[in-house]
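Engineer: Have a look at this prediction, sequence included:
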Amino acid sequence: MSKVIGIDLGTTNSVMAVMEGGMPMVIPNAEGDRLTPSVVAIGKNGERLVGKAARRQAITNPENTVFSIKRFMGRKFADSTVQYDRARVPYRLTAAPNSDVWVSMNGREYPPPEISAMILQKLKQDAENYLGEPVTQAVISVPAYFNDSQRQATKEAGRIAGLEVLRILNEPTASALAYDFPPERRETIAVYDLGGGTFDISILDLGAGVFEVLATNGDTHLGGDDFDRRIVDWLCNEFEREHGIDLREDRLALQRVKEAAEQAKIELSTRLQTDINLSFIAQGPRGPKHLHMTLTRAQLKQLVEDLIERTVAPCRQAMLDAELKTTDIDEVILVGGQIRMPAVQEKVKSIFGKLLLTEVNPEEAVSLGAGIQAGVLVGEVKNLLLIDVTPLTLSIETKGGIASPIIRRNTTIPARKSQIFTTSREDQTGVEIVVVQGERVMAVENTVLGRFVLDGIPPAPRGEPKIEVAFKIDADGVIEVTAQDQATSKEQHITVTASSGLSEEEIERMVAEAKEHDKRNWQRRQEIKTLNRADSMAYQAEKTLERYGDRLTPALQSKVRSKVAVLRQALRVGEIEKVEQAMRELDETTRMIARDFSVKREA
C-alpha cells in the first residue's frame, strides 16, 4: 500500500509529513528544506515556479507572483475582507462570473483552488521523490474556523493536484495529535494557533487515546500577514513623510518593503531592535532615495497591539462554549510561526495563566498531526480516536429572513438534529428550505450552502402544517438535510455539497492541465539530465585529450576535438535531438581511444 501523507497547506509556508517506523516525520522538499513557501509565480518566459524559486523572483516580478492565496479560498469578491486584502497585494484580484475571487497572472485568470493545487502538486512530487513511490492520497489540514465553502475549495485543490483527500483536518486538532500525550493522562488543553493568515483556538479533552474537541473558535482573517502589513504601512508612512513619495504606488518597491518587514518582524522575536536598509528604493527629483530605519520591539508591539488583542475574544468564547474556566485548562499548546513573537506569548499567558508548550516546532506541528491522522485512516496508528466538532452553526432561513439554528457550532460530529416548523401563509402548498452556515441572526449575512423545495403540502390555515426539518452531518462534514410534512409523510432531501464556485467541467479541465504540467515537468527534467550528461561527456573527452593526447594519432585527436566542438555547439543551441546525436557520435569516437590504447598495450 502506498503512503498517505499529511499536509499543512499554510498561508505562508506548507509542510508535509508521513508515518515512518510508527513515528511522524517531516518530508523535506526537493531543495532539502522542511518548509515550502506557499508562493506561486509565472516567470517572464511563461514558466511556472512554486516555492522557494517563486519567492526568490518576487521582487522583480510582483504582479505575477501570488502569495497568501489561502486567504482567498472559498471567498466571494464582494467580501469586505477580500477588498481589504486586494489593496495590499501586488497581484490583481478579479471577480469571476459567479462572483468568486480569481487571480490574474500573465494574462490568465486562476481560481484560488488552482493556485493552491500548484503548491500541492509540488509537495506531491517532492514526497514521491523522497519516498521513492507514488503518492495519491493525503490528509490536508485547514483552519478550524473555515466554513464549508473554504473546506470544499481545499478538497478541490487536492483533487486538481492528483490527490485523493481522505480527510480535511482542523489545524489545532492536528497540532494536539503531534504532542505525544501519554494515554494514561487525562488533560484538558487549549491549542492557540496563530499562523500566517488565520487564527484558531480549540479546547480539547484528552484521555485514553481519545482526542475530543470541546469547542473551537477563531478568525479566518487574522495572522502574520496582518502583522507584516502594519510594519509595511509604518515604513511607507515614515518614508512618505520624509521624502514625499508613497512606496505603495510602486509594486516593485512595495514588494521589497514587504520582504524587509517580514524579516524585521522575525528578527525582533530574538532581538530588541533591528535596522531596515533598502538602497535605491525610489527615484526623487534630486536622485535616488534610500530607506534606512530602525524598528524596536517596543515599537512593533505598539503597531500590532490591537491585532494581538483580537485573539482574546475567540479564546474567551471557546472557553464559554466548552463550559470551562481558565483554571480547568491544564496546558496550552502554541502553534504557528507568529507565536514566536514575545508579545503574543505574553498575551496567551495573560489569557490562560499557564505555561506554554512549544516542544514541537510550531511551524511543523500541524503537518505532523496530519501525518498521524493519515496513519490512523490506513490502520498504521492504533488506539487513537479523534472526535471533532462542527465549527459553525447550521440553520435554515425562516419568516423575516431569520436564521433558525438546527445544529449549533461546537456540536460533536457525527450528529443528527431536527426541529418542527410550519407555514407562514394561508393555504401554502410548498416551502423553500434554504440552508445557511454561520453565526449571524439574519440568514442573508451567513453562507448559503443549498436550497430545495418541499411541495405537495395540503392547503391549510397558516401555522397548522407540521414540517420536520432534520440535519445530519457525518465525520467528514458532509451535510444532509431532510424536510418532511408530517400529515402526508411527503419528504424531500438534499445532500449539501459545498462549492468553491468551480463547475465539474472546470475542475476536470484543471486536473487535465495539472497532469499535462506534470508530464512537461518530467520531460524537462529528462532534458536537463541529458544536457548535464552531455556537458560531463564533453568535459571528460577534453580532459582525456589533455592527459593522453600525445599518445593518440593526430587523426584521432582531430576527430575527438571535432566531435566535442559539435556537442558544445548543440549544447549552446539546446536542441535535445542534436545533443543526443552529438553524444552518440562522441561516444563512438571515445571508444576508438580505448581500442587504440588496447592495441598499443598488446603490441
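Structural biologist: Cool, got the structure. Predicted model only: the values in this text are computed from it and were never measured. Residues are numbered from 1 along each chain as shown.
Engineer: make it CA atoms for all contacts and neighbour counts henceforth
Structural biologist: OK.
Engineer: How about residues contacting stretch 143-156?
Structural biologist: Residues outside stretch 143-156 that contact it (CA atoms under 8 Å, 6 or more residues apart in numbering): 73-75, 112-113, 116, 140, 142, 165, 168, 170-172, 198-200, 202, 216-220, 391-392, 437, 449, 498-500, 507.
Engineer: just stretch 527-536 next, same as before
Structural biologist: So stretch 527-536 is contacted by 567-568, 571, 574, 576, 579-580, 583 (CA under 8 Å, 6+ apart).
Engineer: repeat that with 10 Å
Structural biologist: 521-526, 537-542, 564, 567-568, 570-571, 574-577, 579-580, 582-584, 586 (CA atoms under 10 Å, 6 or more residues apart in numbering).
Engineer: Show me the strands in the stretch 401-550 of the chain, by range?
Structural biologist: 402-407, 415-421, 430-437, 447-455, 467-473, 479-485, 491-496 (DSSP state E, counting those that start in this stretch).
Engineer: Just the angle for the fourth one relative to strand 430-437, thanks.
Structural biologist: Interaxial angle, strand 447-455 versus strand 430-437 (axes from the mean of the first three to the mean of the last three CA atoms, to 10 degrees): 160 degrees.
Engineer: what distance separates the longest strand seen in the chain from the centre of its chain?
Structural biologist: Across the chain, the longest stretch assigned as strand under DSSP state E is strand 273-284. Computed by CA atoms, centre = their mean, to the nearest Å, the chain-centroid distance of strand 273-284 equals 31 Å.
Engineer: One more: stretch 253-272?
Structural biologist: Using CA atoms, centre = their mean, the offset of stretch 253-272 from its chain centre is 22 Å.
Engineer: give me the low-pLDDT residue ranges for the stretch 351-500 of the chain?
Structural biologist: For the stretch 351-500 of the chain, the stretches flagged by pLDDT under 70 are 476-477, 496-500.
Engineer: ditto for the chain
Structural biologist: 1, 476-477, 496-504, 506-507, 514, 518, 521, 594-603.
Engineer: all helices in it, in order from the N-terminus.
Structural biologist: Remark: helices assigned in the chain by DSSP state H are 52-56, 80-86, 112-131, 148-160, 171-178, 224-243, 251-267, 297-309, 312-321, 342-352, 365-377, 504-548, 554-573, 576-602.
Engineer: winner for burial among those?
Structural biologist: helix 365-377 (a mean of 29; mean count of other CA atoms under 10 Å).
Engineer: Would you mind getting the angle between it and helix 171-178?
Structural biologist: 70 degrees.
Engineer: Summarise which helices and strands helix 365-377 is packed against.
Structural biologist: The elements that helix 365-377 packs onto, with contact taken as 3 or more CA pairs under 10 Å, 6 or more residues apart in numbering; DSSP states H and E, are strand 4-8, strand 13-20, strand 23-26, strand 137-142, strand 164-170, helix 171-178, strand 331-335, strand 385-387.
Engineer: closest one to Leu355 among the ones you listed?
Structural biologist: Nearest to Leu355, of all these, is strand 331-335, at 6.8 Å by CA to CA.
Engineer: Using a markdown table, please lay out the helices of the chain together with distance to Ile406.
Structural biologist: Output for the helices of the chain, formatted as a markdown table (distance: least, CA to CA, whole Å):
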| stretch | distance to Ile406 |
| --- | --- |
| helix 52-56 | 45 |
| helix 80-86 | 28 |
| helix 112-131 | 30 |
| helix 148-160 | 16 |
| helix 171-178 | 24 |
| helix 224-243 | 35 |
| helix 251-267 | 43 |
| helix 297-309 | 32 |
| helix 312-321 | 17 |
| helix 342-352 | 32 |
| helix 365-377 | 29 |
| helix 504-548 | 30 |
| helix 554-573 | 68 |
| helix 576-602 | 64 |
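Engineer: what's Arg34 in contact with, if anything?
Structural biologist: Counted by CA under 10 Å, 6+ apart, Arg34 has contacts 13-17, 26-28, 363-364.
Engineer: Looks like Glu267 contacts Gln273 (just checking).
Structural biologist: Yes - with contacts counted by CA atoms under 10 Å, Glu267 reaches Gln273, the gap being 8.0 Å.
Engineer: what sits in contact with each of these two?
Structural biologist: Contacts common to Glu267 and Gln273, judged by CA under 10 Å, 6+ apart, are Arg297.
Engineer: For Ala460, give me its contacts.
Structural biologist: Ala460 touches 423, 425-429, counting by CA under 10 Å, 6+ apart.
Engineer: what about 7 Å?
Structural biologist: 426-428 (CA atoms under 7 Å, 6 or more residues apart in numbering).
Engineer: cool, Lys354 as well?
Structural biologist: 331-332.
Engineer: And it, its phi and psi?
Structural biologist: Lys354 has phi and psi values of phi -130, psi 160 when expressed as degrees, to the nearest 10.
Engineer: Count the neighbours of the closest residue to Phe471 other than its chain neighbours for me.
Structural biologist: Excluding the flanking residues, the one nearest Phe471 by CA to CA, 6 or more residues apart in numbering is Val481, at 4.7 Å. Applying other CA atoms under 10 Å, we find 24 residues neighbouring Val481.
Engineer: who are the neighbours in contact with Val481?
Structural biologist: Contacts of Val481 (CA under 7 Å, 6+ apart): 470-472, 493-495.
Engineer: Of the residues you listed, which pair is most distant in space?
Structural biologist: Among the contacts of Val481, Ala470 and Thr495 lie farthest apart (CA to CA), at 11.8 Å.
Engineer: More neighbours: which of these two?
Structural biologist: Ala470 (18 against 15).
Engineer: How about that one, nearest residue that isn't a chain neighbour?
Structural biologist: Counting by CA to CA, 6+ apart, the residue nearest Ala470 is Ser418, at 3.9 Å.
Engineer: rewinding a little: out of the strands of the stretch 401-550 of the chain, which is closest to Ile42?
Structural biologist: strand 447-455 (32.8 Å).
Engineer: Run the chain-centre distance for that closest one.
Structural biologist: For strand 447-455, the distance to the chain centre is 30 Å (CA atoms, centre = their mean).
Engineer: in that strand, what counts as buried?
Structural biologist: 447-452, 454-455 (16 or more other CA atoms under 10 Å).
Engineer: Adding distance to Ala58, write these out as TSV.
Structural biologist: Conversion of the buried residues of strand 447-455 to TSV gives the following (distance: CA to CA, whole Å):
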residue	distance to Ala58
Thr447	34
Val448	37
Leu449	37
Gly450	40
Arg451	43
Phe452	46
Leu454	53
Asp455	56
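Engineer: Which of the contacts of Ala460 sits closest to Ile396?
Structural biologist: Using CA to CA, these come closest to Ile396 at Gln428, 18.1 Å.
Engineer: Contact partners for the closest one?
Structural biologist: 459-460.
Engineer: burial of the residue lying closest to Ala78 once chain neighbours are set aside, as a residue count?
Structural biologist: Closest residue to Ala78 apart from its sequence neighbours, by CA to CA, 6+ apart: Ser99 at 7.4 Å. By other CA under 10 Å, the residues close to Ser99 number 13.
Engineer: give me phi/psi at Ser99?
Structural biologist: Dihedral angles (degrees, to the nearest 10) for Ser99: phi 80, psi 10.
Engineer: One more: Glu380?
Structural biologist: Taking degrees, to the nearest 10 as the convention, Glu380 sits at phi -80, psi -30.
Engineer: and if you look at the one 4 residues further on?
Structural biologist: Leu384 adopts backbone torsions of phi -140, psi 130, taken as degrees, to the nearest 10.
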